[in-house]
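Peer 1: got a structure for you, letters missing:
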Ligand code: DX5
Ligand code: ZN
């Protein structure tokens with residue numbers, strides 16, 4: 001299935017933060033398309049990761065597309081700061097946005113691509129009235145907050161529903177899937193209609209991360 005145009009977005013959450021420069025350099029020389037950067041606030045999700053200063057440094061160390069996944073309450077307060085830090089794409093959670101349309105416009109007005117993420121329990125059809133405005137739909141295939149969890153099988157159906165919705169409304173959004181992705185299940189996730197695969201522990205726990213990225217890219 002080499003002809004699929006799959007984007008691979010390794011999640012730095014699973015990298016060795018003491019060697020962040022080396023990790024980014026390895027990704028720079030790999031077939032990774034995007035760097036997936038997970039920001040957690042300890043409120044929306046029960047964990048805290050890293051934030052603006054770390055992303056600014058990563059930005060200086062890579063020319064790859066920086067895909068920032070905001071797992072934070074009130075993302076509108078920080079959108080401009082993430083733009084300044086170097087985000088190319090800002091993805092907010094549906095569950096944190098009372099005014100999602102406004103949040104998406106804000107991100108686009110700042111000059112970034114705009115994504116919306118859905119928790120495992122949030123139905124896809126809730127995006128019907130915004131699907132033409134977003135650049136990406138992120139289907140969470142684990143409950144957000146931690147790396148290394150198991151892929152929730154129901155996500156495959158949600159990916160198919162999102163693909164149908166995008167086709168129906170002639171929308172341009174990419175479908176990104178995040179959580180529990182392995183070399184073994186990547187093919188079925190792509191078959192369901194995904195374009196972008198996020199992978200944290202699968203990449204960084206492997207003996208040869210660059211080879212694992214290549215395997216995901218050609219799954
Ligand atoms: C989880 C994060 C993920 C995480 C994925 O809340 O959004 O991006 O890093 O980790 P793995 O690939 O290990 O499930
Ligand atoms: Zn993520």
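Peer 2: Good, I have the coordinates. Because the structure is a prediction, the values reported are computed rather than measured. Ligands and ions are numbered 1, 2, ... in the order given.

Peer 1: mind listing the helices for this protein?
Peer 2: Along the chain, counting by DSSP state H, helices occupy 20-28, 52-61, 79-85, 100-109, 155-168, 186-191, 201-204, 209-217.

Peer 1: And for the second one, what's in contact with it?
Peer 2: Read it as helix 52-61. When contacts are defined by Cβ atoms under 8 Å, 6 or more residues apart in numbering, helix 52-61 is touched by residues 12, 20-21, 24-25, 28, 35, 37, 39, 66, 68, 78, 81-82, 84-87. C-beta coordinates here come from the backbone N, C-alpha and C atoms, glycine included.

Peer 1: Can you name the residue of this structure nearest ligand 2?
Peer 2: Going by Cβ to the ion, ligand 2 is nearest to residue 69 of the chain, at 3.7 Å.

Peer 1: Next, give phi and psi for residue 30.
Peer 2: phi -100, psi -180 (degrees, to the nearest 10).

Peer 1: Please identify the buried residues of stretch 7-18?
Peer 2: Buried residues in stretch 7-18, counting neighbours by 16 or more other Cβ atoms under 10 Å, are found at 7, 8, 9, 10, 11, 12, 13, 14, 15.

Peer 1: Any chance you could list what contacts that stretch?
Peer 2: Contacts of stretch 7-18 (Cβ under 8 Å, 6+ apart): 20, 22-24, 27, 30-38, 49-50, 58, 67, 147-148, 174, 176, 178, 195-201, 203-205, 209, 213, 216-217.

Peer 1: Repeat that for stretch 80-89.
Peer 2: 34, 37, 39, 52-53, 55-56, 58-60, 65-68, 70, 90, 110-115, 135-136.

Peer 1: Of the residues you listed, which count as buried by neighbour count?
Peer 2: Buried members of these, scored by 16+ other Cβ under 10 Å, are 34, 37, 39, 52, 55, 58-59, 65-68, 70, 90, 112-115, 135-136.

Peer 1: Okay, and which of these map to strands?
Peer 2: If you go by DSSP state E, the buried ones among the contacts of stretch 80-89 have 34, 37, 39, 65-68, 70, 90, 113-115, 136 in strands.

Peer 1: Can I get the buried residues of stretch 7-18 in CSV including distance to residue 159?
Peer 2: Below are the buried residues of stretch 7-18 laid out as CSV (distance: Cβ to Cβ, whole Å):
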residue, distance to residue 159
7, 15
8, 16
9, 15
10, 20
11, 18
12, 24
13, 22
14, 22
15, 26
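
Peer 1: From those, list the ones also adjacent to ligand 1.
Peer 2: Among the buried residues of stretch 7-18, the residues lying close to ligand 1 (Cβ under 6 Å from any ligand atom) are 11, 13, 14.
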